[in-house]
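Asks: Sequence unavailable; structure follows:
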């Protein structure tokens, strides 16, 4: 293991001492976290809560319908029939996968919302009894 050269007057700090410098990571961690903060109790609208699964659900339904159209084209058109037979089921399966993901995501969010409400209620009860 190679050690970095030290200056004769000792003004340069070693890499180990740089790691020990105090930082503000605790405050930036709370601000940059992606999850909803416990300290902010601002109520969110239904669209703010459910917009991602609704978008996934609608895109999945659109891709599923597109796959249905492409698959049905293989029955009616004779030109490029093999292309329709390959692409149609691929779009059908992709659309069905997105549709099911969106449908499963909504009850998961509802369950998390109920747990969060219970947690906030218990926190308020705890603060009421222990802060007297």
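Replies: Great, that's in hand. Computed from a prediction, not measured in an experiment: that's the story for all the values here. Residues are numbered from 1 along each chain as shown.
Asks: how much space between residue 93 and residue 56?
Replies: 15 Å (C-beta to C-beta, to the nearest Å). Just so you know, the C-beta spots here come from the backbone N, C-alpha and C atoms, and that holds for glycine as well.
Asks: quick one: residue 47 and residue 54, what's the gap?
Replies: Applying C-beta to C-beta, the value for residue 47 to residue 54 is 8 Å.
Asks: Which one's more surrounded, the two?
Replies: Neighbour count, other C-beta atoms under 10 Å: between residue 47 and residue 54, residue 54 has more, with 15 against 8.
Asks: From residue 109, how far out is that one?
Replies: Note on residue 54: its distance to residue 109, by C-beta to C-beta, is 11 Å.
Asks: can you check residue 61 too?
Replies: Residue 61 is 19 Å from residue 109, by C-beta to C-beta.
Asks: now do residue 88
Replies: 32 Å.
Asks: more crowded one of the two?
Replies: The neighbour comparison of residue 88 against residue 109 (other C-beta under 10 Å) goes to residue 88, with 20 against 13.
Asks: Surely the more buried one is in contact with residue 67?
Replies: Yes. Residue 88 lies in contact with residue 67 (C-beta atoms under 8 Å); the separation is 5.5 Å.
Asks: pull the helix or strand with minimum mean pLDDT from this protein.
Replies: None of the helices or strands of the chain scores lower by mean pLDDT, DSSP states H and E than helix 25-32, at a mean of 50.
Asks: ok, for residue 101, nearest residue in space, not its chain neighbours?
Replies: In space, and not counting its chain neighbours, residue 101 is closest to residue 56: 5.8 Å by C-beta to C-beta, 6 or more residues apart in numbering.
Asks: Just list the residues touching that neighbour, thanks.
Replies: By C-beta atoms under 8 Å, 6 or more residues apart in numbering, residue 56 lies in contact with 98, 101, 102, 105.
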